[in-house]
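Trainee: Got a predicted structure plus its sequence, pasted below:
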Amino acid sequence: MTTKTFRLLRPRLAIGIGAAALCLAILPLRQSSAAAGVHPGPMSRAEAFARAETLAALGRKIFFDPSLSASGLQACASCHDPAHAFGSASAMPVEMGGDQMDRPGLRAVPTLRYLQAVPSFSEHFYDSEDEGDESVDNGPTGGLTWDGRVDHGADQAKIPLLSPFEMGNKDAAEVAAKLRRAPYAGDIKTAFGETVFDNPEDSFDAAVESLATFEQSGPDFYPYSSRYDAFLAGKATLSAQELRGRQLFEDPAKGNCSSCHLSEPANDGEPPQFSDFGFLGLAAPRNMAIPANADSSYHDLGLCGPQRTDFAGHSEYCGLFRTPTLRNVVLKKSFFHNGYFHSLRDVVSFYATRYSDPGRWYPKNPDGTIRKYDDLPQAYWANLNQDPPFGRKPGDSPVLTDPEIDDIVAFLGTLTDADLLPEADLH
């Protein structure tokens, strides 16, 4: 797999609402009688920002409303906890949902923080430090969710609302009926017009547009307030261990983490995203705590399915998942798309020893041999990333020593946003 070295830009911020949220506020809903009064003509910049703030406030109410689920018990915030960087507060690999809250999901819950910079999905992403040079194909890049199958926040918001193992609504009309009864129904009419409930699709679209705008609001979703951000700005220091960890994180012969988890500011000086938004095959061990994995024929192959269907015939993409941001990573209680690991130190150790000591991570066959890469059919092993720290041979010394692993974990602890730190850590 090609190592990605490009630097992506993120929208700049203004008065607490991101540029992406501003664009969402200007974009119209479907052109129908209900939508005719939603955007009654061109808006000034000030009007657009005011609308973005209105939609963000409405989206916040929707985000925390469990009555929009079939069970009446599950809100967006149930899985995307603000106290955990809008990720899961649970150590379970997947969450339960559905109309009786008894249907397990298929993947670990990702964070919703720092998604505003994720580009639209592209099968062939070209970028270079030198403008105009598009000679390097960085491969599949971007899109939201673990497999990048949607590009926009509104489309992403539709997934849990309609998923049978999440909020469990059968269609947009069912969501619209609940919105009509919600205590903030008047706010929806104020923002989208008095006739917005005449068409269920329009009221559904109003809800997901509001959710998307809320999820682009700066203070909640991209504060860039970590100690590392302050360090880059010359306003904080890192300990000797954290500095060693940073060096190892960026060393291409050691951790090589920054080849995918970009740790330097972007070309325009904006803070790093700690993701290049590309797709990699990492061969996380099969997690038998996910009920779907009880079926030995079932495999979550990421980019090539089964949840994403447009690349079902592209074997070269099987086993690839989008690189998540590492911001606030120490708050996570499960890691990778299948939530197999529950310790950040184990994650770094896995990277360091997947090849040199596979028996540490993978089960044994009846004959005593190691069933390595047990969640990825052998036909797709060629898709696995071979860049350092991978690519070593069984019996080789690990690319990272135990103290070096500790140093990297210490550095990752500097990526936690200030609003999520225990009060004692703020002094």
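Mentor: Sure, I can see it. Numbering: from 1, shown residues only.

Trainee: hey, let's count contacts and neighbours off CA atoms from now on
Mentor: Will do.

Trainee: State the phi and psi torsions of the nearest residue to Val347 once chain neighbours are set aside.
Mentor: Distances taken as CA to CA, 6 or more residues apart in numbering put Phe341 closest to Val347, at 6.6 Å, once the chain neighbours are dropped. Phi and psi for Phe341, reported as degrees, to the nearest 10, are phi -90, psi 150.

Trainee: Where do the strands of this structure begin and end?
Mentor: Here the chain has its strands, by DSSP state E, at 13-14, 17-18, 96-97, 103-104, 279-280, 321-322.

Trainee: which residues of this protein score low on pLDDT?
Mentor: Within the chain, the stretches with pLDDT under 70 are 1-41, 127-135, 423-427.

Trainee: ok, longest helix in it?
Mentor: For the chain, the helix with the greatest residue count under DSSP state H is helix 45-63.

Trainee: which residues of the chain fall in helices?
Mentor: Under DSSP H, the chain gives helices at 19-26, 45-63, 76-79, 153-162, 172-181, 185-192, 200-214, 218-221, 227-232, 240-250, 344-353, 402-412.

Trainee: so which of the ones you listed is the most packed in?
Mentor: helix 200-214 (a mean of 25; mean count of other CA atoms under 10 Å).

Trainee: Which other helices and strands does that one contact?
Mentor: With contacts defined as 3 or more CA pairs under 8 Å, 6 or more residues apart in numbering; DSSP states H and E, the packing partners of helix 200-214 are helix 19-26, helix 45-63, helix 153-162, helix 172-181, helix 185-192.

Trainee: can you give me how far the longest one is from the chain middle?
Mentor: Taking CA atoms, centre = their mean, to the nearest Å, the mean C-alpha location of helix 45-63 is offset from the chain mean by 23 Å.

Trainee: what's the angle between it and helix 153-162?
Mentor: Counting by axes from the mean of the first three to the mean of the last three CA atoms, to 10 degrees, helix 45-63 lies at 20 degrees to helix 153-162.

Trainee: Could you export stretch 107-121 as PDB, CA atoms only?
Mentor: Extracted as PDB, the C-alpha positions of stretch 107-121 are listed here (Å, rounded to 0.1, in the frame of the first residue of the first chain):
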ATOM      1  CA  ARG A 107     -19.100  -2.100  14.000                       C
ATOM      2  CA  ALA A 108     -17.600  -0.100  16.900                       C
ATOM      3  CA  VAL A 109     -19.000   3.400  17.300                       C
ATOM      4  CA  PRO A 110     -16.600   6.100  15.800                       C
ATOM      5  CA  THR A 111     -16.100   9.500  17.200                       C
ATOM      6  CA  LEU A 112     -18.000  12.400  15.600                       C
ATOM      7  CA  ARG A 113     -15.400  15.000  16.600                       C
ATOM      8  CA  TYR A 114     -13.100  16.400  13.900                       C
ATOM      9  CA  LEU A 115     -15.100  15.100  10.900                       C
ATOM     10  CA  GLN A 116     -15.400  18.600   9.300                       C
ATOM     11  CA  ALA A 117     -12.200  18.100   7.400                       C
ATOM     12  CA  VAL A 118     -12.900  14.700   6.000                       C
ATOM     13  CA  PRO A 119     -13.000  15.100   2.100                       C
ATOM     14  CA  SER A 120     -15.600  13.500   0.000                       C
ATOM     15  CA  PHE A 121     -14.800   9.900  -0.900                       C
END
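
Trainee: for the helices and strands packed on helix 200-214, which one sits closest to Tyr224?
Mentor: Minimum separation from Tyr224 across the helices and strands packed on helix 200-214 (CA to CA) falls at helix 19-26, 15.5 Å.

Trainee: Okay, domains of this protein per the record?
Mentor: In the domain annotation for the chain, the residue ranges read 16-221, 227-426 (automatic domain parsing).

Trainee: could you measure the residue of the chain most remote from its centre against Gln386, distance?
Mentor: For the chain, the C-alpha farthest from the mean C-alpha position belongs to Asp367; by CA atoms, centre = their mean, that distance is 39.3 Å. Counting by CA to CA, to the nearest Å, the separation of Asp367 from Gln386 is 27 Å.
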